[in-house]
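In: Below: sequence and its predicted model.
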Amino acid sequence: MPTLAPADLALIDACAQGSLDLLERNLTPHGILAASRTEAAVARRYTRIFGRDAAICVMAMCGSGVPSLEQGAVASLEALAAQQAPNGQIPKYVDPEGLDADFWYLGCIDATLWWLIAVDHVRRAGSVDASHWQDGVDRAIGWLLAQEHQHFRLLQQNEASDWADIMPRSGYVLYTNALWYEVKRRYALAQAEETQYHFNHLFNPFQRDLPEYHRARLLGHYARRGRRDPGLYLSFVNLSVVGDEGDVFGNLLAMHSGLADDAMSHRIVNTIAAAQVDEPWPVRVVLHPLSRQHALWRPYMARHQQNLMHQYHNGGIWPFVGGYWVLALARLGLREQAWHALARLARANAHGDWRFTEWFHGRTLEPMGMAGQSWNAATFLLAHSALRNGRR
């Protein structure tokens, strides 16, 4: 058992129960909503079934032992599959009544990836048979393969087209390709080894081992020029432009999918811990937020004053990513640290009378975004389950 104060253990238990209750409240007959139904959530379309949000929730709902959540996991994937585009893309979100499907301004690449991961999870749990959604799976994989570089075996994308949809990451993006490798691994897709190899050379170009492919060496040269090894994978690589702001979520997913070996995993955790981005609540999603003076700054980042430094995707605290931080610590066997991080995560969700806040300002800790965020509950449950059951 962890050496936590009784009050912290009680808080963790309360958060686990509160997380289950929140998921049940946010559930509709057609699947899980991104956030609780409030006037603000309706106005911002958070009362939709989002591809990425719902898929992450499915990972916790399926296997929860709660009948309504078990059924809701399948219903969520069904709702997304019903609005799948003819080319195979899964929507960014769908209306619970099946009246609306949105694919974002520049395309939403990660909804399809998360949907495939969640489909495999539900199949393995036995909630559906092994061929359920097979036509949709085949078309989704085909859509992704059409965006894969034929030598690097990594996906290519526009900027602002994944979960960090107001960040200027483009070309080869760390977060997206960590998910792509997970999909390849789960579905035994071809060239997974090539994906892993080029992932580790393209996003970590500071190692001595240089790739043989001359274009890969040139990209590595551009990435290294004028930079020190950040101790993390780069957030994106796009010809002579790269991201060294420190994408916490992308790095944690690289660990989660098995792309990072043991040495790199320890470097990632040590770098994140040294930056204290898990204090007081886990976790700030960027180590070095982009200022208006930064070369990567884009005018759209200031829209609604939302993505300024230490805000939103540019250094805000996202409790749902905090769940993956706890999982990363557990994966490395740092169980005592993981339990303490879980207690801090419970405090974040409890803030504002169990508001389950979407994100907090990275400096002031002001609660921002929507209340009743479903994936906060889901990743807390995933992290809690991993620690309670001794999984790594």
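Out: Received the coordinates, thanks.

In: Look up the closest residue to residue 138, ignoring the ones flanking it.
Out: Computed as C-beta to C-beta, 6 or more residues apart in numbering, the closest residue to residue 138 that is not its neighbour in sequence is residue 88, at 7.9 Å. All C-beta spots, glycine's among them, are computed from the backbone N, C-alpha and C.

In: Over to residue 322?
Out: Closest residue to residue 322 apart from its sequence neighbours, by C-beta to C-beta, 6+ apart: residue 282 at 3.4 Å.

In: what about the one you found, neighbour count?
Out: Neighbours of residue 282 under the rule other C-beta atoms under 10 Å: 27.

In: returning to what we had before: what's the residue nearest to residue 138 in contact with, if anything?
Out: Applying C-beta atoms under 8 Å, 6 or more residues apart in numbering, we find residue 88 in contact with 112, 136, 138-144.

In: May I have the secondary structure class of it?
Out: Look at residue 88: counting by DSSP: H, G, I helix; E, B strand; the rest coil, its state is coil.

In: follow-up on the earlier one: apply the buried test to the contacts of residue 88 and list what passes.
Out: Buried by 16 or more other C-beta atoms under 10 Å: 112, 136, 139-141, 143-144, out of the contacts of residue 88.

In: one step back: any idea how far residue 207 is from the residue nearest to residue 138?
Out: Separation of residue 88 from residue 207 (C-beta to C-beta, to the nearest Å): 35 Å.

In: sec struct for the residue nearest to residue 322, please.
Out: Secondary structure state of residue 282, per three-state DSSP, is coil.

In: Out of the buried ones among the contacts of residue 88, list just those in strands.
Out: Under the assignment DSSP state E, those contribute nothing to strands.

In: Among the residues you listed, pick out the one closest to residue 15, please.
Out: Closest approach to residue 15 among the buried ones among the contacts of residue 88 (C-beta to C-beta): residue 112, at 30.9 Å.

In: I'd assumed residue 143 was in contact with that closest one.
Out: Yes: counting by C-beta atoms under 8 Å, residue 112 does reach residue 143; the two are 6.3 Å apart.

In: and for the two, which residues touch both?
Out: Shared contacts of residue 112 and residue 143, defined by C-beta under 8 Å, 6+ apart, comprise 88-89.

In: Would you map the helices across this structure?
Out: Using DSSP state H, the helices of the chain run over residues 6-25, 39-43, 51-61, 67-82, 109-125, 134-145, 174-187, 192-202, 214-224, 248-256, 262-274, 319-331, 335-354, 374-388.

In: Okay, now the unreliable bits of the stretch 251-392 of the chain?
Out: Within the stretch 251-392 of the chain, the stretches with pLDDT under 70 are 392.

In: Let's see that with 80 instead.
Out: Low-confidence segments of the stretch 251-392 of the chain (pLDDT under 80): 391-392.

In: Next one, pLDDT for the residue nearest the centre of the chain please.
Out: Central residue of the chain (C-alpha atoms, centre = their mean): residue 249, 5.9 Å from the mean position. Confidence at residue 249, expressed as pLDDT, is 98.

In: Is it in contact with residue 322, as I believe?
Out: No: taking C-beta under 8 Å as the definition, residue 249 is not a contact partner of residue 322, at 10.2 Å.

In: ok, back up a step: which one of the helices of the chain lies closest to residue 366?
Out: Comparing the helices of the chain by C-beta to C-beta, helix 335-354 comes nearest, at 10.4 Å.
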